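> Fold the following, please.
(one chain, ligands or ions: 2)
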Amino acid sequence: MELRFFNTMERRPMVFEPVEAGAAKMYTCGPTVYNFAHIGNFRAYIFEDILRRTLEYFGYTVTQVMNLTDVDDKTIRDSRKEGLPLREFTARYKEAFFQDIKTLKIEPAEIYPAATDHIPEMIALIQTLMDKGFAYQAQDKCIYFSIEKCKDYGKLARIDRENQRDGVRISTDEYAKDAVGDFALWKAWDEADGDVYWESPWGRGRPGWHIECSAMSMKYLGESFDIHTGGVDNMFPHHEDEIAQSESATGKKWVNYWLHCEHLMVDGTKMSKSLGNFYTLRDLQDKGWQGREIRWVLVGAHYRKKLNFTLEALAQARETLAKFDALFDRLKKINTAGDGSEAAELVDNSKNAFASAIADDLNIAPALAAAFDLMRGANRLADSGELSQKGAEAVLALFREFDRVIGCFEVDAVRESAAVPAEVTALAEARAAARKAKDFAESDRLRDELTKLGWAVKDVPGGAWELKKL
Ligand code: AMP
Ligand code: ZN
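Ligands and ions are numbered 1, 2, ... in the order given. Predicted structure coming up:
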């Protein structure tokens, strides 16, 4: 099946044709390790995870490189604030990042290069740009990339070069479009850097943020590779600058497909550290939410659409996943004889619908709809007593297959909740309804009934609940 991705460079969906048949090489801009990542960041990493899982689903061998930015303006600033050596300071957040991706069932990339382990590669790339006349040393001793020398600078973000101001230089890593100008490749040491510096042909200093991605991607993936991803906020200046550096150094097209995901929003604004409107994964875990519930919410919206984050969505995720869990447990108990033909059409249709949706620019809504249809169809067959063990096994096998992409279905988990009697679930549901209607006398009475039957009910945010055996 053909895979199609919306290529930001061309602003249109394009059929995926890798450089090397059967292989997919992708580079994803990773975390700046100066803090715990928030779930807005994880939206980007989950989109990239769905992308790599989809490529694998269709048989590609994926090589993914995700960098760890462990030296930049922010890591230096905050390590100094805490009085810790940079390496010690960033090690803490690197470790947290790896724990978090495990919680969210994000498949690890093949390579996680850290910027501080690749300074010689960055210096070599800057030297090439100097030799070719694309870079120069300014009076402040920093090395800058001259965008005037790069004819197609601005092609990704579609910058209007007509109105560009000349002679502007920017030494900070992040800046807005109206500050387009020559950007720093190498920053000369200053006092704010403390003991963070490396020797270079141009004196003591440290690399700019953008050069690290060019140097490390080309080291591990070659001078031209298939896919580069990030959040939309990375498009300018970060990715624009990466393209200018890489293509000027090699004279070749650097990346064939650019994919960018939209933001995770809170009340209409981007979730971000600087606005303070963020949840880390840990915040949500502390409130009792599970990794797969958070993942389900982040997976559920198409990556090119903004997603508004709410706790209600998490409560809904819990309910939905519980329905899938109940189906898996039900199917595993079916032992009726038969050849499975009763489920063949359902399984085929669901499989095709899922594959064609996900192949079409990771179109998640119809892909999940295929999973819901499979659930409804399987329950219907089981209700009517038509479903054989073979048929049930085929349905379970297809859910396992879907989960290679979705990563939220726990088809083979052993669940305590499987043992909850229907009568107990009904009482808990009635109690939740009473609470919602603010009939607290009734909800207390139902809680007592549950206690008498040996079950404790615990409320969780967003109106959901959990049952535990006393
Ligand atoms: P940063 O650590 O700020 O460089 O961000 C790491 C990744 O998270 C980048 O790919 C960003 O584009 C992405 N990102 C940051 N905030 C959000 C958000 N609210 N929604 C989606 N992606 C985000
Ligand atoms: Zn990058």
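> where do the helices sit along the stretch 201-350 of the chain?
Counting by DSSP state H, counting those that start in this stretch, one finds helices in the stretch 201-350 of the chain at the ranges 209-221, 240-250, 281-286, 291-299, 311-333, 344-359.
> Looks like Leu427 contacts Glu449 (just checking).
Yes. At 5.7 Å, Leu427 counts as touching Glu449 under the criterion of Cβ atoms under 8 Å. C-betas here are computed from N, CA, C, even on glycine.
> Tell me the residues of the stretch 1-150 of the chain that contact ligand 2?
Cys29 (Cβ under 5 Å from the ion).
> Would you point out which residue of the stretch 1-150 of the chain is nearest ligand 2?
Of all residues in the stretch 1-150 of the chain, Cys29 sits closest to ligand 2, with a separation of 3.3 Å (Cβ to the ion).
> Leaving out the residues flanking it, which one is nearest to that residue?
Gly230 (4.3 Å; Cβ to Cβ, 6 or more residues apart in numbering).
> What separation do you get for that neighbour and ligand 2?
Shown here: Gly230 relative to ligand 2, a distance of 6 Å by Cβ to the ion, to the nearest Å.
> pretty sure that residue contacts Glu242?
No. The pair Gly230 and Glu242 does not pass the contact test of Cβ under 8 Å, sitting 9.6 Å apart.
> Comparing these two, which residue is more hemmed in?
In this comparison of Gly230 against Glu242, neighbours counted by other Cβ atoms under 10 Å, the higher total goes to Glu242 at 26 against 23.
> lowest-confidence helix or strand of this protein?
strand 464-469 (a mean of 77; mean pLDDT, DSSP states H and E).
> any weak-confidence spans in the protein?
Filtered on pLDDT under 70, the chain yields the residue ranges 163-167, 416-419, 460-463.
> near ligand 1, which residues of it show up?
Counting by Cβ under 6 Å from any ligand atom, the residues of the chain close to ligand 1 are 29, 31-32, 40-41, 43-44, 230-231, 233-234, 263-264, 270-272.
> Beta-bridge partners for Phe6, please?
The residues listed as beta-bridge partners of Phe6 by DSSP bridges are Pro13.
> How many neighbouring residues does it have?
For Phe6, the tally of surrounding residues (other Cβ under 10 Å) stands at 18.
> distance of it from Tyr112?
27 Å (Cβ to Cβ, to the nearest Å).
> Then Pro31?
For Pro31 relative to Tyr112 (Cβ to Cβ), the value is 10 Å.
> what's the overlap in contacts for those two?
Leu68 (Cβ atoms under 8 Å, 6 or more residues apart in numbering).
> Looking at the two, which has the bigger crowd around it?
The neighbour count for Pro31 versus Tyr112, taken as other Cβ under 10 Å, is higher for Pro31 (24 against 17).
> check contacts around that one.
Pro31 makes contact with Ala37, Asn41, Leu68, Thr69, Tyr93, Phe97 under the criterion Cβ under 8 Å, 6+ apart.
> Now do the same contact list for the last one.
For Phe97, the set of contacting residues under the criterion of Cβ under 8 Å, 6+ apart consists of Pro31, Val33, Ala37, Leu68.
> so which of the residues you listed comes closest to ligand 1?
Here the nearest of those to ligand 1, counting by Cβ to the nearest ligand atom, is Pro31; it sits at 5.0 Å.
> Please look at Lys252 and Ser224 and confirm they touch.
Yes. When contacts are counted by Cβ under 8 Å, Lys252 is listed as touching Ser224 (5.3 Å).
> ok, these two, which is more surrounded?
Each of Lys252 and Ser224 has its neighbours counted (other Cβ under 10 Å); Ser224 has more, 16 against 10.
> list the contacts for the more buried one?
Val19, Thr250, Lys252, Lys253, Trp254, Val255, Asn256.
> Would you write a PyMOL line that selects the buried entries of the residues you listed?
Buried residues within the contacts of Ser224, as defined by 16 or more other Cβ atoms under 10 Å, are selected in PyMOL through the command that follows:
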select buried, resi 250+254+255+256
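> now the contacts of Ser224 in CSV, with distance to Ser171?
Below are the contacts of Ser224 laid out as CSV (distance: Cβ to Cβ, whole Å):
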residue, distance to Ser171
Val19, 35
Thr250, 25
Lys252, 28
Lys253, 29
Trp254, 24
Val255, 26
Asn256, 31
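> ok, so of the contacts of Ser224, who is nearest ligand 1?
Scanning these for proximity to ligand 1, where the rule is Cβ to the nearest ligand atom, the winner is Val255, at 15.2 Å.
> Now the closest one: closest residue in space that isn't a chain neighbour?
The spatially closest residue to Val255, leaving aside those adjacent along the chain, is His228, at 4.3 Å (Cβ to Cβ, 6+ apart).
> And for Thr172?
Setting aside the residues directly before and after it, Thr172 is nearest to Asp73 in space (Cβ to Cβ, 6+ apart), at 6.5 Å.
> Quick one: name the residues of the stretch 151-300 of the chain near ligand 2.
For the stretch 151-300 of the chain, the residues found near ligand 2 under the criterion Cβ under 5 Å from the ion are Cys213.
> Leaving out the residues flanking it, which one is nearest to the residue of the stretch 101-250 of the chain found nearest ligand 1?
Of all residues in the stretch 101-250 of the chain, Gly231 sits closest to ligand 1, at 2.0 Å by Cβ to the nearest ligand atom. The shortest distance from Gly231 to any residue other than its chain neighbours is 4.5 Å, reached at Ala44 (Cβ to Cβ, 6+ apart).
> Could you report the neighbour count for that neighbour?
27.
> returning to that earlier point: what residues does the least confident helix or strand of the chain touch?
314-315, 318-319, 416-417, 419-420, 424-425, 428, 431-432, 450, 454-460.
> Doesn't Ala394 belong to a helix?
Yes. Counting by DSSP: H, G, I helix; E, B strand; the rest coil, one finds Ala394 located in a helix.
> That one contacts Gly338, correct?
No. Applying Cβ under 8 Å as the test, Ala394 and Gly338 come out as separate, 11.1 Å apart.
> out of these two, which sits in the more crowded spot?
Neighbour totals were compared for Ala394 and Gly338, and Ala394 leads with 22 against 15 (other Cβ under 10 Å).
> Give me the distance between that one and Gly340.
Counting by Cβ to Cβ, the gap between Ala394 and Gly340 amounts to 5 Å.
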